[in-house]
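> Okay, sequence plus prediction incoming.
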Amino acid sequence: MFFERLGARIETADSVLSVGLDPDPDRLPDHLADHDLPRWAWARRIIDATHEHAACYKPNAAFYEDPDGWRALRELVAYAHGKDVPVLLDAKRADIGNTARQYARVLDTVDAITVNPYLGRDSLDPFLSRTDAGVFVLCRTSNPGGSDLQDLELATDERLYERVARLASGWNEHDNVGLVVGATTPDELERVREVAPDLPFLVPGVGAQGGDAEAAVEYGLADGVGLVNSSRGITFAGEGEDFAGAAGEAAKRLKRRLNEFR
Ligand SMILES: O=c1ccn([C@@H]2O[C@H](COP(=O)(O)O)[C@@H](O)[C@H]2O)c(=O)[nH]1
């Protein structure tokens, strides 16, 4: 069960920090350019520097969807697993049956995934039926336009994101469902916790997006289990040769800050 393994990792690392591994090509240190797989060289050094503070690593699929990228992803997953840290692929997937089944095969490689509820329950079945994997359903996202659709009021007097939280709670037959709720809108974060008291959240938006770290911890955890993510704020905390050292320090700082609220 993913959430049992995550709970054990949170205890071992004394951390709810998810370290986002988003190797933006415009920001990778120049000296890695000669490497056969620069993204893997980068991720390996970031993992070396941050693993003792990480409850989880969260690569975003956007940065790996090309042949070298998938090679880099496989390497980094194996390396993270070697350090006993699970990997959550932020892929925001979902589709009609046969396509969703194919997408879900990535769960043979990673431990958990983010999915998009917009196509409805059947589009998520191939993910939800993976009892060993974590499935984080987008609920109230951290971006400025998150309100455009997700805050719409339904005829039932609830917001769309509240309906998603309610539905996702009903999809949790295998105790493998979580919700993605941004730290940039603490009121909505609190509201989602009221609607879905038992689901662990992945809370992105702390760090570069300026989200609320205290609210992320207060509302993000269910029975102590949940993840607060920072990507650029950790991995690009420094530049040049010592980028990894700076990332390690940033991860340690954020872990300690989050622990003040646990
Ligand atoms: O609502 C959401 C859902 C996903 N994300 C992802 O998290 C990281 C955030 O990166 P930062 O550098 O810490 O801002 C990134 O991969 C997003 O795609 C999110 O930000 N908000």
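Everything's here; your move. Residues are numbered from 1 along each chain as shown.

> got the residues of the stretch 1-150 of the chain near the ligand?
Within the stretch 1-150 of the chain, the residues that sit near the ligand (Cβ under 6 Å from any ligand atom) are 20, 22, 60, 90, 141-143. (Each C-beta comes from the backbone N, C-alpha and C, glycine too.)

> Assess the claim that Ala100 and Leu124 are in contact.
Yes. If you go by Cβ atoms under 8 Å, Ala100 and Leu124 touch, sitting 7.2 Å apart.

> Among these two, which residue is more densely surrounded?
Leu124 (24 against 19; other Cβ atoms under 10 Å).

> Walking through this protein, point out its strands one by one.
Using DSSP state E, the strands of the chain run over 17-21, 56-59, 88-93, 112-115, 134-140, 177-181, 201-203, 227-230.

> possible to save the ones you listed as JSON lines with distance to Val192 and mean pLDDT?
Shown next, in JSON lines, are the strands of the chain (distance: least, Cβ to Cβ, whole Å; pLDDT from 0 to 100):
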{"stretch": "strand 17-21", "distance to Val192": "17", "mean pLDDT": "98"}
{"stretch": "strand 56-59", "distance to Val192": "19", "mean pLDDT": "99"}
{"stretch": "strand 88-93", "distance to Val192": "17", "mean pLDDT": "98"}
{"stretch": "strand 112-115", "distance to Val192": "15", "mean pLDDT": "99"}
{"stretch": "strand 134-140", "distance to Val192": "6", "mean pLDDT": "99"}
{"stretch": "strand 177-181", "distance to Val192": "5", "mean pLDDT": "99"}
{"stretch": "strand 201-203", "distance to Val192": "7", "mean pLDDT": "99"}
{"stretch": "strand 227-230", "distance to Val192": "14", "mean pLDDT": "98"}
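
> Those strands: which one's closest to Ala247?
strand 17-21 (8.1 Å; Cβ to Cβ).

> neighbours of the nearest residue in space to Ile113 that is not next to it in sequence, just the number please.
Once flanking residues are discounted, Ile113 sits nearest to Leu89: 5.1 Å by Cβ to Cβ, 6 or more residues apart in numbering. Per other Cβ under 10 Å, the neighbour tally for Leu89 reads 22.

> Contact partners for Leu89?
58-59, 61, 73, 106, 110, 112-114 (Cβ atoms under 8 Å, 6 or more residues apart in numbering).

> Need the strands of the chain in a markdown table (columns: distance to Ala168).
Shown next, in a markdown table, are those (distance: least, Cβ to Cβ, whole Å):
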| stretch | distance to Ala168 |
| --- | --- |
| strand 17-21 | 19 |
| strand 56-59 | 19 |
| strand 88-93 | 14 |
| strand 112-115 | 10 |
| strand 134-140 | 4 |
| strand 177-181 | 5 |
| strand 201-203 | 11 |
| strand 227-230 | 16 |
